[in-house]
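# please find the sequence and the predicted model below.
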Amino acid sequence: MLQTLQADITQLNVDAIVNAANSSLLGGGGVDGAIHRAAGPELLAECRLLNGCRTGEAKITKGYRLKARHIIHTVGPIWNDGKSGEADKLRACYTNSLRLAADAGLQSIAFPCISTGVYLFPADQAAQIAVESVRAFLQTPSSIQTVIFCCFSAADRARYESLLEA
Ligand code: APR
C-alpha cells in the first residue's frame, strides 16, 4: 500500500527509513544530517565501514536510536540539465532501496523526496519518478507491504497526494 505523510522521517516507526545521502555516506545536511543526529554516533561508525556508495546505489545499516530498525542509504543524482541520466539514476535509488529492503524481508519503508533539496532535482518530476518506480517494483510480490512517501513540506505532500490518487 502506498501512502504519503508530511512528517520528520526520523520520527517514523517503520522497518526502514531511506536516507538521501552523499557518496561518502559520512553525513551531511538536510535529511542526511537529521538522520545522523537522531540515530546517534554509532551510525557514523557503521557507515565508515561501508566504503561509500555510488549514485543510484543503496546500502543498509541499523537504525540505532531511531524507531526505525534500519536505515537504507541511497545517493540521488545531482540535477544537471535533465539530459545527464538524472531520471534513470533517481529511479535506481528507489528500485535498489526497495530491493535491499525486500532482500532483508522488511515490510514497511519510508522515503524522503530524494534529490529535491540540495541536489536541486525538480520536485514534480522527482515525485512522478518516485511513484512510478515504486509501483513498478510492487508488481512483483515481495515482503514489502507499506511504502510511505515522507514529505517535509505541505507542497510535497500535496504533490504526492495527487499522484497517488491518479
Ligand atoms: N524528514 C523528511 N524529509 C526531510 C527532512 C526530514 N527530517 N529534512 C529534509 N527533508 C527533505 C527536504 O525538504 C527535501 O524535500 O528531504 C528532501 C531531500 O533534500 P536533501 O536532504 O537536501 O537531500 P538531497 O537533495 O538528496 O541532497 C543530498 O544533501 O544533506 C546533503 O549529505 C547530503 O550531500 C547530500 C545532499
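Okay, I see it.

# any idea how far the ligand is from the closest residue to Gly105 other than its chain neighbours?
Setting aside the residues directly before and after it, Gly105 is nearest to Ser143 in space (CB to CB, 6 or more residues apart in numbering), at 4.7 Å. The way it works is simple: take the backbone N, C-alpha and C, and place the C-beta from them, glycine included. With distances defined as CB to the nearest ligand atom, to the nearest Å, the gap from Ser143 to the ligand amounts to 24 Å.

# near the ligand, which residues of the chain are found?
8-10, 20-22, 28-34, 76, 112-119, 150, 152-153, 156 (CB under 6 Å from any ligand atom).

# next, count neighbours for Gln11.
The local packing of Gln11 (other CB atoms under 10 Å) involves 14 other residues.

# actually, Val131.
Other residues close to Val131 by other CB under 10 Å number 20.

# one more: the one 5 residues further on?
Counted with other CB under 10 Å, residues neighbouring Ala136 total 13.

# please, where are all the strands along this structure?
In the chain, the segments counted as strands under DSSP state E are 2-6, 16-21, 58-62, 70-75, 108-111, 146-151.

# so where is this protein shaky, pLDDT-wise?
Nowhere does the chain drop to pLDDT under 70.

# now do the helices in it.
Shown for the chain, the helices assigned by DSSP state H span residues 30-39, 41-48, 86-103, 123-137, 154-165.

# what's in contact with the fourth one?
Spelled out, it's helix 123-137. The set of residues that contact helix 123-137 without belonging to it, under CB atoms under 8 Å, 6 or more residues apart in numbering, is 2, 82, 87, 90-91, 94-95, 98-99, 111, 113-116, 144, 147, 149, 155-156, 159-160, 163-164.

# picking up where we left off before, now, of the strands of the chain, which is deepest in the fold?
Counting by mean count of other CB atoms under 10 Å, strand 16-21 has the highest mean neighbour count of those, with a mean of 29.

# coming back round to it: distance to Arg54 added to the helices of the chain, as JSON lines?
Putting those into JSON lines (distance: least, CB to CB, whole Å) gives the following:
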{"stretch": "helix 30-39", "distance to Arg54": "16"}
{"stretch": "helix 41-48", "distance to Arg54": "15"}
{"stretch": "helix 86-103", "distance to Arg54": "9"}
{"stretch": "helix 123-137", "distance to Arg54": "18"}
{"stretch": "helix 154-165", "distance to Arg54": "26"}
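
# of those helices, which is nearest Asp15?
Nearest of the helices of the chain to Asp15, taken as CB to CB: helix 86-103 at 7.0 Å.
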